[in-house]
Structure formats: structure tokens, C-alpha cells
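Participant: Sharing a sequence plus its predicted fold:
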Amino acid sequence: DAKTTQPPSMDCAEGRAANLPCNHSTISGNEYVYWYRQIHSQGPQYIIHGLKNNETNEMASLIITEDRKSSTLILPHATLRDTAVYYCIVPNTNAGKSTFGDGTTLTVKP
Amino acid sequence: KAGVTQTPRYLIKTRGQQVTLSCSPISGHRSVSWYQQTPGQGLQFLFEYFSETQRNKGNFPGRFSGRQFSNSRSEMNVSTLELGDSALYLCASSLASSGGAINYEQYFGPGTRLTVT
């Protein structure tokens, strides 16, 4: 798997956009970027994934840089319930041995 | 549609014993992956099953094994338990992807919290 680097923690004010960065400079041309989050004591929750085009769904937007070496997950209007650990992974689907790394702990504050 | 279910949710075992954990995937999902999560090592991939066959395996000793049934339900077994096996064991299911690769749009269950004493 391509190595990913994320800041260990971030804060965000409730109602504001949360922008979570991820560096994946060793990504290969056919590898996707996936984002998950894990709320305390629950299983991880799939959020979104992308290859090179920006993606948006009901939960978030994913912005991938043109060189694909980094991406940003955007939660447009963060709520207290968005407080969680956010994982960015770039699994090599052929190897099938993805690990999730340490992720970013996002704390949304009132 | 019902989510991924795992049983039991909590388990306490003694060193040397063996344990079997169960996972029922989302209806229609044929790929089931297992992960171990510990505070020190984070979330680590154990193995993945598709159509009753183990397709991918992580770096865990042979004490960790699994199987998948024809209805896609899966079990994992840990034999000769060690204190370090205490962890949250997570199961994730996904739709099949082409070419035998794991589809990482995975949906996780709540996990089984295993404590080894």
C-alpha cells in the first residue's frame, strides 16, 4: 500500500467546514484513495473514495490534487457527531493487505 | 437493509484457550474481511474471504484462521490465545469487485471485544 501521512489531530468549530488533509506521495496511477471514520467504540464507517477526479456524496467531498500526491476530505458543515478518527488509506488492491494507519482525530467543538 | 452483524460483542477468554467469532455480512455482499484493532498497532488486516475462499491474508501467525460459508457468513478462529490477542476484532463486508481484488468500499460491523486473561 502507498504510505499515507495525516496530522494526528485537528479541531473544528461546529457549523464550519472541516478540511482534513492526507499526503500520499507514493501513490501509483491506478490506486484509489479511500476515507473512513471511526467514532469511539464503533466500527469504521466508509465515507468516500476517488481516483483522480473530485468526488462528492451526501457525507463529504474529496478533493484530490492534480498530481495525486495529496487529498483533502471536506465535511461542509461539521456537527458534534462528526467527532471521530478519520483514516485516509491507499490500498493496493492487488496486495490486499491494507492497514489504516493512525488517522486524524477530529474534534468538533460547540 | 440490515448492516454487518458480529457475535458475540464481548468475550473473555483465558490464555491457551481458543475462540471463534462470527460475522454476518450485508445481504448480497460476498466479500468478508477481518481486522484486528489494538491501541498499539491500530487497525490491521487479517484476511479476506470471497466465495468460501481466502483470497488475501495479512501478516498474522497461523493461530489466526477463518472460513466462509456458502451464504457468505464468516467465522474467524484464534487458537492458543495469548494476552496480546486482546483486541477489537472487526468484520467488514463489500460487494465483489472484478479481478479478484478487494473492494475497499467496505461496511464494518460493531466488532467483537476480546479480552484474554
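Facilitator: It's in.

Participant: A:Ala18: how many residues sit nearby?
Facilitator: Using other CB atoms under 10 Å in any protein chain shown, A:Ala18 has 25 neighbouring residues. C-beta coordinates here come from the backbone N, C-alpha and C atoms, glycine included.

Participant: Help me confirm that it comes into contact with A:Ala78.
Facilitator: Yes. At 4.4 Å, A:Ala18 counts as touching A:Ala78 under the criterion of CB atoms under 8 Å.

Participant: what residues are shared contacts of the two?
Facilitator: Any residue near both A:Ala18 and A:Ala78 by CB atoms under 8 Å, 6 or more residues apart in numbering or on different chains counts here, and that gives A:Cys12, A:Leu106, A:Val108.

Participant: And those, which is closest to chain B?
Facilitator: Using CB to the nearest CB, A:Leu106 is the member of those that lies nearest chain B, at 16.7 Å.

Participant: partners of B:Ser24 in the sheet?
Facilitator: Counting by DSSP bridges, B:Ser24 is bridged to B:Thr5.

Participant: and the helix or strand where A:Cys88 lies, average pLDDT?
Facilitator: Assigned by DSSP states H and E, A:Cys88 falls within strand A:84-89. Summarised as a single mean, pLDDT over strand A:84-89 is 96.

Participant: for stretch B:8-21, same thing?
Facilitator: Taken as a whole, stretch B:8-21 has an average pLDDT of 98.

Participant: Okay, buried residues for it please.
Facilitator: Neighbour counts over stretch B:8-21 (16 or more other CB atoms under 10 Å in any protein chain shown) mark B:Lys13, B:Val19, B:Leu21 as buried.

Participant: Turn these into a markdown table, columns for distance to A:Ala60 and secondary structure.
Facilitator: Shown next, in a markdown table, are the buried residues of stretch B:8-21 (distance: CB to CB, whole Å; DSSP: H, G, I helix; E, B strand; the rest coil):
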| residue | distance to A:Ala60 | secondary structure |
| --- | --- | --- |
| B:Lys13 | 39 | strand |
| B:Val19 | 36 | strand |
| B:Leu21 | 31 | strand |
